[in-house]
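> can't give you the sequence, but here's the structure:
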């Protein structure tokens, strides 16, 4: 700050003294100058002073801005280091690690962390000439400076082969190993770092904690085929078990890592060459508990919109505010087309498509979330009113009357009207209609360089898709098969999204069924505990209102979310998206159903009766200046810094049982589960 002011004085104040000699010289010769000349001189002086003042004013402003920024920064540092002990607003709460250590908790069971999609780092081992200086540098999960330097080169290296789902020729991108693979997604943006730090406070380190990093772009079985990731995970768990006094492992997967580890549970006990050959008792011997954070067991509707139009609610909002950012006709950026081209090569996205069809997600007239109230204060009022005997019943009915009934089972609707009409007034969706014809081919093979399968669709087929129709979880898959047949053919070779009628059918021995909890059995591990830990209280995407894209530009995406479709004050329709309760990414029904009902007790999906527990964390935004992203956040990634969740994980790792932890529920997950008619 002092240096900046000194520089300003030297460069811009001192010259004024030098220039002041001119009027003094004129004053000394006042007798020889006429009155007219003196007046002219004064006018010239005023003009010079005024002109110089304008120049100085701009420089002064810059200096003052820099000065204010520096002063504010030093003031915040001063407050951070000197005021926590005195002012409530600046007090940093004690971390769970320190508090539990003081209570006597210590590391007992080894811990394995399994990251989800996108949050794990990827580094380059072999690339094209445009990336020759990036050997073993992070292409994903770092500073992201390369996105701005060479975006198309980066996208080329992050893409997989369109047909094999493996490496393209001449490119090798691999997962970053170790705890650094997913501690931070970007500088300052934590993922696992807070949990790792708190575990370290009670004695965890490299010998009893392991990050099971993997290439999250690949299908789960391909991670084994290409990188032997599943085999290395099996060996690491066995090593942790042996070197820590035969203590069972506590596994903590997050998001897509939950279904990845579910695939592992089946793989590890399956005989080779298809599986790991651990035998039927391997899981019961080596695993104490699986603490699933933000589990996407039954998929997310957001995966449908991602594959259909490379969008979600946030992207649609940006596009509505400034279409030029993503749809520039002048610069031909075609941002979303590039995103779609890359994402459709990642087979792992198929693991997040909704599972269970209309049985789980509802149909045109029904869904497990029916009656959901988006207005949380009003929801709490109704919940308290129902139990209050003094409340006038007509008051509750009056509030319910103004709530718009949303048809959440219609995952995609073309037009707001189609999302609300009775099903009898909607055109039926015939799966046979959603078949490519010989006319649906690329008629302009030389237009543009971005390949998406929309290039091969005729305009008639595009209009047929959008003819006032609504698509459920079942017919939405037919829709994706129609608009992206090659992509879906590759996806469905690795993943399945149905409900098994007979789990003993030999076909379910195929790996594509192992990550679907409705088409596979849990291992025979009666002592293994399963937790579903997730946030609630945040509006979460559930279904979408679409429209035809107004542009016919070559190779553009012909569909987009209709952000102009909005509901009233009490509506769950916001910017073309119907919202339900969840953690901003995963709806409650996907995160909690298996622990609340599907696996609870002895069911055909859990024949050994492994104990299951539901632990929900009600979202609260940061209440103090120094809380960062919130110590009580329920958001999908920010929940990794939730002190209550961290404490639950640490207590189980330190030896606590599920009976001590128990259930904690704020949502309607048990009511939703009862509405789902699934044979158990």
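In hand now; what should we look at? Quantities reported herein were computed from a predicted structural model and do not represent experimental measurements.
> just for the stretch 251-400 of the chain, where's the confidence low?
316-333, 372, 374-400 (pLDDT under 70).
> how about the strands in it?
For the stretch 251-400 of the chain, strands defined by DSSP state E, counting those that start in this stretch occupy the ranges 287-293.
> and the helices in it, which stretches?
256-269, 282-286, 301-309, 313-321, 335-343, 357-361, 376-386, 393-401 (DSSP state H, counting those that start in this stretch).
> for the second one, packing partners?
Contact here means 3 or more CB pairs under 8 Å, 6 or more residues apart in numbering; DSSP states H and E; on that basis helix 282-286 packs against helix 229-243, helix 256-269. Glycine gets a C-beta too; all of them are placed from N, C-alpha and C.
> out of these, indicate the one that is most buried.
helix 256-269 (a mean of 25; mean count of other CB atoms under 10 Å).
> quick one: it to chain centroid distance?
20 Å (CA atoms, centre = their mean, to the nearest Å).
> what about residue 418, distance to residue 646?
According to CB to CB, to the nearest Å, residue 418 and residue 646 sit 44 Å apart.
> ok, now residue 222?
In terms of CB to CB, residue 222 sits 33 Å off from residue 646.
> same check on residue 640?
Taking CB to CB, one finds residue 640 at 8 Å from residue 646.
> name the residues contacting each of those two.
194, 195 (CB atoms under 8 Å, 6 or more residues apart in numbering).
> give me the neighbour count for the residue found closest to residue 590 once you drop the neighbours it is linked to in the chain.
Closest residue to residue 590 apart from its sequence neighbours, by CB to CB, 6 or more residues apart in numbering: residue 298 at 4.1 Å. Residues near residue 298, counting by other CB atoms under 10 Å, number 27.
> got the phi and psi for residue 298?
With angles defined as degrees, to the nearest 10, residue 298 sits at phi -110, psi 20.
> ok, it touching residue 589?
Yes - judged on CB atoms under 8 Å, residue 298 makes contact with residue 589 at a distance of 6.9 Å.
> give the residues shared as contacts by those two.
360, 361.
> got the residue ranges for the strands in the stretch 451-600 of the chain?
470-471, 529-536, 538-548, 559-561, 573-574, 577-582.
> ok, the fourth one: who's next to it in the sheet?
Partner strands for strand 559-561, per DSSP bridges, with pairing direction: strand 538-548 (antiparallel).
> for the second one, same thing?
If you go by DSSP bridges, strand 529-536 pairs up with strand 287-293 (parallel), strand 611-618 (parallel).
> that one vs strand 577-582, what angle?
Counting by axes from the mean of the first three to the mean of the last three CA atoms, to 10 degrees, strand 529-536 points 130 degrees away from the direction of strand 577-582.
> starting at the chain centroid, how far to strand 529-536?
Taking mean C-alpha positions (CA atoms, centre = their mean), strand 529-536 and its chain are 17 Å apart.
> just want the angle from that strand to helix 256-269.
Counting by the same axes, to 10 degrees, strand 529-536 lies at 170 degrees to helix 256-269.
> flag the shaky bits of the chain, pLDDT-wise.
Looking along the chain with the criterion set at pLDDT under 70, you get 1-63, 73, 76-92, 147, 316-333, 372, 374-405, 430-451, 551-555, 625-626.
> the residue nearest the centre of it: what's it in contact with?
Centroid check for the chain by CA atoms, centre = their mean gives residue 585 as the closest residue, at 6.0 Å. Going by CB under 8 Å, 6+ apart, residue 585 touches 255, 294, 296, 300, 302, 540, 541, 636.
> great, nothing more from me.
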